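Trainee: model this:
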Amino acid sequence: AQRRLPPFKRNNFGGSFGGPIRKDKTFFFAVYEGVQERKGLTLNSVTLGDGTHGTLNCRLLTANPCATGATTARYTTGTVAAVIQPLIATTGPLALFPAPNLPASTTPAGPAGNLGYGFDRTVGENYGQFRLDHTFSDKDTAFARYTIDKANVLQPPPSPNPLLSDHSGSASQFTTISETHIFTPNILNTARFSISRSPLENNNKTPTYPCASVSTGCSFVPGFPQYGIGSVTAGNGVSFSPGLVVHHDQKIYTWSDDIFYTKGRHAFKFGTLMSNWKQRMELQNALRGSMTFASVANFLAANYTSFTSTTPGAVIQRNWTSGTMGFYVQDDVRVASRLTVNAGLRYEFLYPNYHEVNGLGSALRNVLSDQNTTPGSAIRNPSLKDFSPRLGFAWDIRGDGKTALRGGAALLYDIGNLGAALIQAAGGTPVGPISNGVGSSISTVTNGHVSTPPPTIALTVPFTYPAGVVGNTLNLVQYDMTNPHTLVSNLTL
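Mentor: The predicted structure follows:
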């Protein structure tokens, strides 16, 4: 019998083991956990009518009822524009808008229909960790740890369409080596070095547009046929919207050293944390291009509201390097038998500032006056004055260990948090003048004659950009930003 509900299956499995390698000297521990999930989803989307299920037949190339009528009298011929005709097929590799299979939401019949379909979302994750501990002497111990976490998801895009699916994957790896040494009964030092790598990929495929110049088909953007076509917002709720394609690989090298020193009433802690990041990023948020229409009637007549894409010839990959240097000191002092106060200060700053290793870094340093971006760092270093003080106390009110009042306050800064912003900017930040073709930008054509067609600039596939609109849209990071910070405090009894 046919299943009434979509299937759902989830398996979670794993195990751990460990033990001594050398008695009282060397130990190991390993753990693994896996998750495999398959979940059936029932999805609904709005699609272009084909004359069934209470819709008008918007697939006709001539005498198309969706392009004629009292409300769209300017399209009296009902003929679909040649550039749009390949996009309204019901079958074939370019069937962006499958035929409706559910009753329409409106009456009388209109251009939009409803489509329901099933999708098997799959999720897989494999996590493993291995740790080795070794005791060199009573004063010297060390450990090494390796962690790997691989995950992948196959899911529908944000705007459901049976022609589309998003595949996301990551394979994060973390390696840490730590050594602790006791110099004297009141001085202890811990040194640590770590390397982490966190690649992230989000991929999806879209069909290509048939064209004579490229045997395998064209995309909306000249010179990028391999990426397929982008989004089409046809109006009346009808759209074709593939997800983003993202390639991001991050490596972080970290070294830290912490010293613990006790003397009399004081327990001092001080140390340093230094890190270096290397980020390769590529965001294809406009590489496939997009076209937008106010209504299905406008769509069929190629009377766009706008079309936009990455400027042909743009370089959308960036390779950033940066780092942080941090230092801190803290003292927990026993002021009295019933009162302990701790005070500390941390200073951490970006060094080096964000630097693009291939010379593709730039910023629009003054949005009010600058005509071009300035090559160099993406931001002005906002962290050089980021001193973080903190103060706390613990008071045993009665001296019997039963009632205590604790409180504290600190000024905290968030250092080096531009990863997501730099990914966005990778696809739309030129280096210097737009005319030199270095870096990346986005080109947008806006139609000022939507109500009085035809548009001044004709819609073609691939898109055609007149000189006046090339690179007229940018994605930027604010150059003079400040670091996020927060003042936290608490008081508990």
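
Trainee: ok, now which ones touch the nearest residue to Phe220 once chain neighbours are set aside?
Mentor: Excluding its sequence neighbours, the residue lying closest to Phe220 (Cβ to Cβ, 6 or more residues apart in numbering) is Gly289, at 3.2 Å. Using the backbone N, CA and C atoms, a C-beta is placed for each residue, glycine as well. By Cβ atoms under 8 Å, 6 or more residues apart in numbering, Gly289 lies in contact with Ser219, Phe220, Val221, Ile229, Gly230, Ser231, Phe307, Thr308, Ser309, Thr310, Phe463.

Trainee: now, which of these lie within helices?
Mentor: Among the contacts of Gly289, DSSP state H puts none in helices.

Trainee: so can I have JSON lines of these showing neighbour count, pLDDT and distance to Val477?
Mentor: Converted to JSON lines, those look like this (neighbours: other Cβ atoms under 10 Å; pLDDT from 0 to 100; distance: Cβ to Cβ, whole Å):
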{"residue": "Ser219", "neighbour count": "26", "pLDDT": "87", "distance to Val477": "27"}
{"residue": "Phe220", "neighbour count": "28", "pLDDT": "89", "distance to Val477": "26"}
{"residue": "Val221", "neighbour count": "26", "pLDDT": "86", "distance to Val477": "24"}
{"residue": "Ile229", "neighbour count": "27", "pLDDT": "88", "distance to Val477": "29"}
{"residue": "Gly230", "neighbour count": "25", "pLDDT": "90", "distance to Val477": "24"}
{"residue": "Ser231", "neighbour count": "20", "pLDDT": "93", "distance to Val477": "24"}
{"residue": "Phe307", "neighbour count": "26", "pLDDT": "93", "distance to Val477": "26"}
{"residue": "Thr308", "neighbour count": "24", "pLDDT": "92", "distance to Val477": "20"}
{"residue": "Ser309", "neighbour count": "26", "pLDDT": "90", "distance to Val477": "21"}
{"residue": "Thr310", "neighbour count": "29", "pLDDT": "87", "distance to Val477": "17"}
{"residue": "Phe463", "neighbour count": "22", "pLDDT": "91", "distance to Val477": "26"}
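
Trainee: His266: which of the residues you listed is nearest?
Mentor: Thr310 (59.4 Å; Cβ to Cβ).

Trainee: how about low-confidence regions in the stretch 1-150 of the chain?
Mentor: Low-confidence segments of the stretch 1-150 of the chain, defined by pLDDT under 70: 1-4, 68-77.

Trainee: related to what we said a few turns ago, out of the contacts of Gly289, who's nearest Leu476?
Mentor: The closest of these to Leu476 turns out to be Thr310 (Cβ to Cβ; 14.9 Å).

Trainee: so what's the closest one bridging to?
Mentor: Thr310 has these beta-bridge partners by DSSP bridges: Ile442.

Trainee: check contacts around it.
Mentor: So Thr310 contacts 221, 224, 284, 286-287, 289, 316, 427-428, 440-443 (Cβ under 8 Å, 6+ apart).
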